[in-house]
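Q: 3D model of this:
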Amino acid sequence: MLIAITIPLTYAMDPIPAFLILLAIYCGSTYGGSISAILLRIPGDPAAIATTFDGYEMARKGQAGKALGTALSCSMIGGIFGTLVLMTLTPQLAKVALKFGPAEYSQWQFWA
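A: Predicted structure coming up:
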């Protein structure tokens, strides 16, 4: 929701700072969803549903800090890994995307 609210504010900005602001909002909200999942057993976003299973039980045993730290480190490692994979595969994905063309309408002419 915050990204949707922030997008109009980033139109007047340079592209790199605007992208970094939106990226920081996304990463912060993704990790923020695990905080309520661990402490309250209420996932803040769909990605934190699995965190409620083990994280909440750890919090009940007095290991909330360990659960939050584990969620933070796993979120960071997953984000870095995903970024590296996308950086390496983007040129190949762009080549495939450029091969898509207009749909063939020869046999589907509804206006004729």
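Q: can you map out the helices along this protein?
A: Along the chain, counting by DSSP state H, helices occupy 2-10, 15-40, 49-60, 64-98.
Q: Tabulate those (CSV), appending mean neighbour count and mean pLDDT.
A: To be clear about C-beta, it is placed using only N, CA and C from the backbone, and glycine gets the same treatment. Listed next are the helices of the chain as CSV, based on neighbours: other C-beta atoms under 10 Å; pLDDT from 0 to 100:
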stretch, mean neighbour count, mean pLDDT
helix 2-10, 11, 92
helix 15-40, 15, 93
helix 49-60, 16, 94
helix 64-98, 12, 93
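Q: Run the chain-centre distance for stretch 82-98.
A: 17 Å (C-alpha atoms, centre = their mean, to the nearest Å).
Q: Let the chain start at 43 from now.
A: Noted, 43 is the first residue going forward, which turns the last one into stretch 124-140.
Q: could I get it in CSV with only the CA atoms?
A: Extracted in CSV, the C-alpha atoms of stretch 124-140 (Å, rounded to 0.1, in the frame of the first residue of the first chain):
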residue,chain,number,x,y,z
GLY,A,124,17.2,-13.2,-5.9
THR,A,125,18.9,-10.0,-7.0
LEU,A,126,22.0,-11.8,-8.2
VAL,A,127,19.9,-14.3,-10.1
LEU,A,128,17.9,-11.6,-11.8
MET,A,129,21.0,-9.7,-12.6
THR,A,130,22.5,-12.7,-14.4
LEU,A,131,19.4,-13.8,-16.1
THR,A,132,18.0,-10.4,-17.2
PRO,A,133,19.9,-10.3,-20.6
GLN,A,134,18.6,-13.8,-21.5
LEU,A,135,15.1,-12.9,-20.4
ALA,A,136,15.2,-9.7,-22.5
LYS,A,137,16.1,-11.7,-25.6
VAL,A,138,13.2,-14.1,-25.1
ALA,A,139,10.8,-11.2,-24.4
LEU,A,140,11.8,-9.4,-27.6
